[in-house]
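Engineer: Predicted model, plus sequence, below.
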Amino acid sequence: MIDRTPGLNDRNLVIWLFVCALTIYGMIVLGGVTRLTESGLSIVEWKPVVGVLPPLNEGEWLQEFEKYQQYPEYQKVNTGMDLAGFKQIFWFEYLHRLLGRLIGVLFFFPLVVFWWRGQIRPAFKPHLSALFVLGGLQGVLGWYMVKSGLVDNPRVSQYRLTAHLGLAVLIYGYILWLIARLLWPAQSGARHWLARLAVPATFVMILSGGLVAGIRAGHAYNTWPLMAGQWIPPGLYDYSPAWLAAFEQITTVQFNHRLLAYLLTVLLVLLAVRLWRDSAHTRPWALFLLAALALQVCLGISTLLLAVPIWLGALHQAGAVLLFSAVLMAAYHSSVGVTRQKETVRAATVSVG
């Protein structure tokens, strides 16, 4: 249960957390653009403090470009790239890192002020402390991911990319859940089983998308609903060892992503129907869930059929986080229906007695 100590002002906390969540949402989308434009390996050093400033003159730009030329992406992929081309990919990665630093500032300094003024409820202090630690780990994980592409193979590891994406979504969802607890403390009860299943299922779906992006699986089998003219494509799990196909083989990774999408769609429709039937209070969340789901399904199919254009790939990633937001809110408010059921059963028991 949440400590409802009188006199503490939750409004400022909600505004602060909402700004942080919105900025992280933008960070996730920008990260997708950085990946789609193949800009993530353009900055080959990690300088959390002095790296805040970009190159400010021609000499500094040439120095940065020379560093990039020492690594495999330039030598094997972008051989012959000129300084103008380097600047284009540099800015995406620079803005991505700059936004990450901004999020750290947006979270840390208001946290210190709220904590010092006693405006944070005791029950929330461990959660906010955990978020601060997770934010720091995300920065380290981001550099760990980049390092995997600064070796012989100029591509980041799909495992590290998926972990980096997953942690970002986890932090975002954590903040969103805290906002919900501040705004609607009465809905902090038990959840319906559909809601308890929907949140991790949607998260797994996003992780599956990370694997698709990591091995460029979206550029293959650009037809729907069939793959290579079949429901079950040839070569599925044709890999050694077979279990690794789910993480490394293009055919299997894309097939699994599609299959998860179908199963998740059924699950979320069932959850939306449940919310619609529960009460008038939960019906808007059911509609939000269905709208986000319909949008993401359309974006996913379009992204596949058009072979992942940058703008559509970025929208698809944005849609995934929007859907995750809708699922979280639907799950949070599902406790209303559970509470109503318990009250109905209790009233019936009393009546019979």
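Structural biologist: Looks like it arrived, so ask away. Numbering: from 1, shown residues only.
Engineer: check contacts around residue 229.
Structural biologist: When contacts are counted by C-beta atoms under 8 Å, 6 or more residues apart in numbering, residue 229 touches residue 223. All C-beta atoms are positioned from the backbone trio N, CA, C, and that covers glycine.
Engineer: what's the distance between it and residue 262?
Structural biologist: 19 Å (C-beta to C-beta, to the nearest Å).
Engineer: count of neighbours near residue 36?
Structural biologist: 21 (other C-beta atoms under 10 Å).
Engineer: One more: the one 4 residues further on?
Structural biologist: Residue 40 is flanked by 22 other residues according to other C-beta under 10 Å.
Engineer: Hmm, residue 156 and it touching each other?
Structural biologist: Yes: contact criterion C-beta atoms under 8 Å: residue 40 and residue 156 qualify, at 6.4 Å.
Engineer: Test my guess that residue 174 contacts residue 132.
Structural biologist: No: using C-beta under 8 Å, residue 174 makes no contact with residue 132, being 11.3 Å away.
Engineer: So between these two, which is more surrounded?
Structural biologist: residue 174 (19 against 14).
Engineer: Just list the residues touching that one, thanks.
Structural biologist: Counting by C-beta under 8 Å, 6+ apart, residue 174 has contacts 127, 130-131, 134.
Engineer: Can you read off the pLDDT for it?
Structural biologist: You'll see residue 174 listed with a pLDDT of 98.
Engineer: Unless I misread the structure, residue 163 falls within a helix.
Structural biologist: Yes: assigned with DSSP: H, G, I helix; E, B strand; the rest coil, residue 163 falls within a helix.
Engineer: Contact partners for it?
Structural biologist: For residue 163, the contacting residues are 141, 145, by C-beta under 8 Å, 6+ apart.
Engineer: Pretty sure residue 321 sits against residue 27.
Structural biologist: No: using C-beta under 8 Å, residue 321 is not in contact with residue 27; the gap is 10.2 Å.
Engineer: Show me which of those two is the more surrounded one.
Structural biologist: residue 321 (23 against 20).
Engineer: Please compute how far the strand or helix carrying that one lies from its chain's middle.
Structural biologist: Using DSSP states H and E, residue 321 falls within helix 310-333. Average the C-alpha atoms of helix 310-333, do the same for its chain, and the two points are 8 Å apart (C-alpha atoms, centre = their mean, to the nearest Å).
Engineer: Over to stretch 61-76?
Structural biologist: Worked out by C-alpha atoms, centre = their mean, stretch 61-76 lies 30 Å from the chain centre.
Engineer: And the residue nearest to residue 202 when sequence neighbours are not counted, how close does it get to residue 38?
Structural biologist: If the residues on either side of it in the chain are set aside, residue 202 comes closest to residue 327, at 4.7 Å by C-beta to C-beta, 6 or more residues apart in numbering. According to C-beta to C-beta, residue 327 stands 31 Å off from residue 38.
Engineer: Show me which of the two is the more surrounded one.
Structural biologist: Just comparing residue 327 and residue 38: by other C-beta under 10 Å the higher neighbour count belongs to residue 327, 28 against 17.
Engineer: for the chain, what spans make up the helices?
Structural biologist: Here the chain has its helices, by DSSP state H, at 10-36, 58-68, 72, 83-116, 125-147, 158-183, 193-214, 245-248, 250-278, 283-305, 310-333, 335-352.
Engineer: Figure out which of those helices is closest to residue 224.
Structural biologist: helix 283-305 (5.4 Å; C-beta to C-beta).
Engineer: then the closest one to CSV, C-alphas only?
Structural biologist: Output in CSV follows, covering the C-alpha atoms of helix 283-305 (Å, rounded to 0.1, in the frame of the first residue of the first chain):
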residue,chain,number,x,y,z
ARG,A,283,-13.8,1.4,-20.6
PRO,A,284,-11.6,4.3,-21.7
TRP,A,285,-8.5,2.2,-21.0
ALA,A,286,-9.9,-0.6,-23.1
LEU,A,287,-10.4,1.8,-26.0
PHE,A,288,-6.8,3.2,-25.5
LEU,A,289,-5.5,-0.4,-25.6
LEU,A,290,-7.3,-1.3,-28.7
ALA,A,291,-6.3,1.9,-30.5
ALA,A,292,-2.6,1.4,-29.6
LEU,A,293,-2.8,-2.2,-30.7
ALA,A,294,-4.5,-1.5,-34.0
LEU,A,295,-1.9,1.2,-34.7
GLN,A,296,1.0,-1.0,-33.9
VAL,A,297,-0.3,-3.9,-36.0
CYS,A,298,-0.7,-1.5,-39.0
LEU,A,299,2.8,-0.1,-38.4
GLY,A,300,4.4,-3.6,-38.1
ILE,A,301,2.8,-4.9,-41.3
SER,A,302,3.7,-1.7,-43.2
THR,A,303,7.3,-1.7,-42.0
LEU,A,304,7.7,-5.3,-43.2
LEU,A,305,6.1,-4.8,-46.6
